[in-house]
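*Asks:* sequence? don't have it. structure:
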């Protein structure tokens, strides 16, 4: 599924974010920037030790923020480490919106034209997939609609089919509400 917002295409696909050939992929990070399991672990394993070494030099970043490192051996040029909320810590929606927004701002500040997001905080952090889709998609559409951006492509790369269906349903609702044209496939 694709939606165009001004000059940017938002795409929803099922796949492995570590295989994306984009300027930056987003790592759903923890605030210490330790790349242990889940998506972060997959990024570390495929990208090599340099990504964790750069994270160690940065030292950490608060929930809702994002930092950038090189991407090691990945196809992407950079990894943006966005710290999403743990379910139950409070103000989860605002923190997830900020993690998404700060990732987009960071990509723009580096002059990047393409970025790929996973469903931030939906793994071990326990954030519900449908709420994640609503927050991340709305934040992205709002940013693209209101900002002079050089980003031409935003991908949401969902690991399983159910997550993809959830994001597609939320994108369809958002597109309908905002009068955006949806392209299937």
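*Replies:* The structure has been received and is ready for your questions. As the structure is a computational prediction, the values presented were derived from the model and not from experiment.
*Asks:* between the two ends of stretch 13-33, how far is it?
*Replies:* Criterion C-alpha to C-alpha, to the nearest Å; first-to-last residue distance in stretch 13-33 is 26 Å.
*Asks:* ok, stretch 71-91 next?
*Replies:* Terminal-residue distance, stretch 71-91 (C-alpha to C-alpha): 30 Å.
*Asks:* going forward, begin numbering at 19 instead of 1
*Replies:* That works, and once the first residue is 19, the last one we named lands at stretch 89-109.
*Asks:* and it, what's buried?
*Replies:* 89-90, 92, 94-104 (16 or more other C-beta atoms under 10 Å). From N, CA and C alone the C-beta is placed, and that goes for glycine too.
*Asks:* wait, residue 190 sits on residue 200?
*Replies:* Yes: shown here, residue 190 and residue 200 form a contact pair, counting by C-beta atoms under 8 Å, at 6.2 Å.
*Asks:* need the overlap of contacts for these two.
*Replies:* Contact with both residue 190 and residue 200 is made by residues residue 19, according to C-beta atoms under 8 Å, 6 or more residues apart in numbering.
*Asks:* how about the nearest residue to the residue nearest the centre of the chain, chain neighbours excluded?
*Replies:* Using C-alpha atoms, centre = their mean, the residue of the chain that lies closest to the mean C-alpha position is residue 135, 2.5 Å off. Distances taken as C-beta to C-beta, 6 or more residues apart in numbering place residue 44 nearest to residue 135, at 4.7 Å, with adjacent residues excluded.
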